[in-house]
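Undergrad: Structure for the following, please:
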Amino acid sequence: MIKQLTAIIEKEEDGYVALCPEVDIASQGETTGEARANLKEALELFFETASQEEINSRLHEEVYVTQLEVAVGEVKGSFWKGM
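TA: Residues are numbered from 1 along each chain as shown. Prediction:
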């Protein structure tokens with residue numbers, strides 16, 4: 001069976017980290033392509049070796065990736081003034 005999963009790839013200091021949020025498995029590589037390939041290999045190994053119980057407990061069927069706009073910088077408001 002083929003399953004479509006999410007890969008989030010993030011730049012780190014000396015390479016890239018790839019994360020699959022559906023099962024909380026990560027890998028890394030020197031390039032985005034290498035990180036993606038290593039994550040795919042880690043996921044295939046997980047699904048080959050994990051028990052059905054572990055797969056069921058870790059697998060999140062619905063994962064949504066979106067963007068948010070947030071203010072970054074000085075915190076304003078009376079709540080934070082006393083801290």
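Undergrad: tell me which element the residue nearest the centre of the chain is part of?
TA: Geometric centre of the chain, nearest residue: Leu19, 3.1 Å, by Cα atoms, centre = their mean. Leu19 belongs to strand 15-20 when elements are defined using DSSP states H and E.
Undergrad: pull the CA atoms of that strand into PDB?
TA: Only the C-alpha atoms of strand 15-20 are listed here, as PDB (Å, rounded to 0.1, in the frame of the first residue of the first chain):
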ATOM      1  CA  GLY A  15      22.300  21.000   6.900                       C
ATOM      2  CA  TYR A  16      18.600  20.200   6.800                       C
ATOM      3  CA  VAL A  17      16.200  18.400   9.100                       C
ATOM      4  CA  ALA A  18      13.200  16.700   7.600                       C
ATOM      5  CA  LEU A  19      10.200  15.800   9.800                       C
ATOM      6  CA  CYS A  20       7.100  13.700   9.100                       C
END
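Undergrad: residues making contact with that strand?
TA: 5-10, 25-32, 34-36, 38-39, 43 (Cβ atoms under 8 Å, 6 or more residues apart in numbering). C-betas here are computed from N, CA, C, even on glycine.
Undergrad: try stretch 57-71
TA: Thr6, Ile8, Pro21, Glu22, Val23, Asp24, Ala50.
Undergrad: Next step: those residues restricted to strands.
TA: Counted as lying in strands by DSSP state E, out of the contacts of stretch 57-71, are Ile8.
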